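Peer 1: Quick one, what's the 3D model for this:
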Amino acid sequence: MEIITNNNLDVILASNSLVMVDFWASWCGPCRVLSPTVDEVAGEMEGKAVVAKCNVDDADEVAMQYSIRNIPTLLFFKDGQVAARMVGVVSKEDILAQLEALL
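Peer 2: Below is the predicted model:
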């Protein structure tokens, strides 16, 4: 699993055609609920898509750049552009369906 910082998102987006980024924070209860699901998705999508996490407290510039106002938020990037967004705790099935639709 990739960890997004203020300095590496562009590199990750440029080198992968499909990237999902989980925007979260350690103090966020719903983020802790969603985290194991994101980890499972990362395992299932290995080789098809990159799954990354972005702690909004550590990478505030990235969070601001993509107007992250609520967490958890999942952003789906296709060819470097935001292709979809999910906010809140969502099901593994919904996340996998979104990723499959973008493949």
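Peer 1: switch to C-alpha atoms for all contacts and neighbour counts from now on
Peer 2: OK.
Peer 1: Residue 6: what's its closest spatial neighbour, skipping adjacent residues?
Peer 2: residue 59 (4.9 Å; C-alpha to C-alpha, 6 or more residues apart in numbering).
Peer 1: Confirm for me that that neighbour is in contact with residue 8.
Peer 2: No. With contact defined as C-alpha atoms under 8 Å, residue 59 does not reach residue 8; the gap is 10.0 Å.
Peer 1: what sits opposite residue 55 in the beta ladder?
Peer 2: Taking DSSP bridges as the rule, residue 55 bridges to residue 24.
Peer 1: Report the mean confidence score over the helix ranked longest in the chain.
Peer 2: Ranked by residue count, the top helix of the chain under DSSP state H comes out as helix 29-44. Mean per-residue pLDDT for helix 29-44: 97.
Peer 1: who touches it?
Peer 2: Contact with helix 29-44 is made by 1, 22, 24-26, 50-51, 71-72, 88-92, 95-96, as judged by C-alpha atoms under 8 Å, 6 or more residues apart in numbering.
Peer 1: Next: stretch 1-15.
Peer 2: With C-alpha under 8 Å, 6+ apart, stretch 1-15 has contacts from 19, 42, 50-55, 58-62, 77, 79-80.
Peer 1: Apply 6 Å and report the result again.
Peer 2: Contacts with stretch 1-15, where a contact means C-alpha atoms under 6 Å, 6 or more residues apart in numbering, come from 51, 52, 53, 54, 59, 61, 62, 80.
Peer 1: Can you give me the end-to-end span of that stretch?
Peer 2: Start-to-end span of stretch 1-15 (C-alpha to C-alpha, to the nearest Å) is 15 Å.
Peer 1: what about the residue nearest to residue 6, how many neighbours?
Peer 2: Residue 59: 17 surrounding residues under other C-alpha atoms under 10 Å.
Peer 1: Also residue 63?
Peer 2: For residue 63, using other C-alpha under 10 Å, the count is 20.
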